[in-house]
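Novice: How does the following fold in three dimensions:
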Amino acid sequence: MNIKNNPDRRAARVIGLAYSTCCYLAFLFTCLYLIGFVGSVVVPKNINDGPLVAWPTAVLIDGVLIILFGVQHSLMARKGFKRWLAAFIPAPAERSTYVLLSSLVLGVMFWLWQPIPDTFWEVETVWAKALLAGLFWLGWSIVLLATFLISHFELFGLKQAIDRWRNTPQQAPIFRTPLLYKLVRHPLYLGFLIAFWATPHMTVGHLVFALGMSVYLFIGARFEERDLVVLFGERYRRYQSEVGMVVPRLNRPRR
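Specialist: A predicted model of the protein is given here:
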C-alpha cells in the first residue's frame, strides 16, 4: 500500500475515508427507509401516515418537497457546481457530499410528507395483489443491480475515498454497457419507476409522489444525458440512437 509518511496527509486520508463511510451508511439507511416509506412496510412513518390537512395544502407541501429533492439532486450533479464545491472540499469527497445531502433532503421529505389517504385505485384480487407486490420488489432489485453493474461504491462516493486513502490515482470514466444497460440507457430509473408505481393500493398521496418523482426522473435523465454526450461524444450519441432511455426498444437499429 503506497501511503506517504507525511502524518498530516495520512490523517487527511483517514478522515476522508471515515467521512465517506459515514455518508455511505447514511445513504444505505435512507434507501432502506425509502423502500419502507413507499411500500408502507416496517418504517414508523410511511407515505400514507401522518396527521391530515386539507388536500390542496397537502399537495402544495408534497410538491415543494419533490421540487426540493429534484433541484438539489440535479444542481449538485452539474459540472459547474462540482467545480465550485471543489474550492471547499477535496475532490474525492465531492460524491460523498452529494450522497449525504441527497439523503438529508430525502429525510426531510419523509418527515414533512403530508398524506392524502383517499383511494385512487385498489386491487383486491389475490393474484393481482401478489403480482404488484412482486413488481414492487423487482423494481428495487433492478435499482440495486443497476448500481453494481456500473460501480456501486464509486456511484455513492466510497471508492473515491478508498483510492485516496491508498494513494491510487483516479481513473478516467470508461464507457460500458453491461447487461441491463444493453436494454435501456437508464435501468436505475426504470427500477425506480416500477417501484414507485407498483402498488395494489394507490392513494392520492402515493399518486402525487409517483407522478412527481417520475417527472423528475425524466428531467434528470435529460440533464445527465447532456453531460454524458459531452463526456463520451459520438459514442454516446450512437448509444442513444440504438437503446431506449428507460423503455427497451422493440425495433433496434441494425449496426
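
Novice: from here on, contacts and neighbour counts on C-alpha atoms
Specialist: Will do.

Novice: Next, the contact list for the closest residue to residue 141 other than its chain neighbours, please.
Specialist: Spatial nearest neighbour of residue 141, chain neighbours left out: residue 191 (7.4 Å); criterion: Cα to Cα, 6 or more residues apart in numbering. Shown here is residue 191, whose contacts under the criterion Cα atoms under 8 Å, 6 or more residues apart in numbering are 138-143.

Novice: what bits of the stretch 151-255 of the chain have low per-residue confidence?
Specialist: Applying pLDDT under 70 to the stretch 151-255 of the chain flags the ranges 252-255.

Novice: Which parts of it are strands?
Specialist: 201-203 (DSSP state E, counting those that start in this stretch).

Novice: Then the stretch 1-150 of the chain?
Specialist: Along the stretch 1-150 of the chain, counting by DSSP E, counting those that start in this stretch, strands occupy 119-122.

Novice: Show me the helices in it, by range?
Specialist: For the stretch 1-150 of the chain, the helices defined by DSSP state H, counting those that start in this stretch occupy 7-39, 55-75, 79-85, 94-112, 126-150.

Novice: Pick out the shakiest of those, pLDDT-wise.
Specialist: Ranked by mean pLDDT, the helices of the stretch 1-150 of the chain end with helix 79-85 at the bottom, a mean of 84.

Novice: Could you pull up the residues touching the closest residue to residue 43 other than its chain neighbours?
Specialist: Nearest non-adjacent residue to residue 43, counting by Cα to Cα, 6+ apart: residue 36, 5.5 Å away. Residues near residue 36 by Cα under 8 Å, 6+ apart: 42-43, 46.

Novice: Columns pLDDT and distance to residue 14 on top of those, output as JSON lines?
Specialist: Formatted as JSON lines, the contacts of residue 36 follow (pLDDT from 0 to 100; distance: Cα to Cα, whole Å):
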{"residue": "42", "pLDDT": "93", "distance to residue 14": "35"}
{"residue": "43", "pLDDT": "96", "distance to residue 14": "33"}
{"residue": "46", "pLDDT": "97", "distance to residue 14": "37"}
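
Novice: Of those, which count as buried by neighbour count?
Specialist: Among these, those buried by neighbour count (16 or more other Cα atoms under 10 Å) are residue 46.

Novice: just curious, which of the contacts of residue 36 is nearest to residue 119?
Specialist: The nearest member of those to residue 119, counting by Cα to Cα, is residue 46 at 15.5 Å.

Novice: gap between that closest one and residue 192?
Specialist: 17 Å (Cα to Cα, to the nearest Å).

Novice: Over to residue 18?
Specialist: 29 Å.

Novice: which of the two has more neighbours?
Specialist: residue 192 (21 against 15; other Cα atoms under 10 Å).

Novice: wait, doesn't that one sit right on residue 138?
Specialist: No - Residue 192 lies out of contact with residue 138 (Cα atoms under 8 Å); the separation is 9.8 Å.
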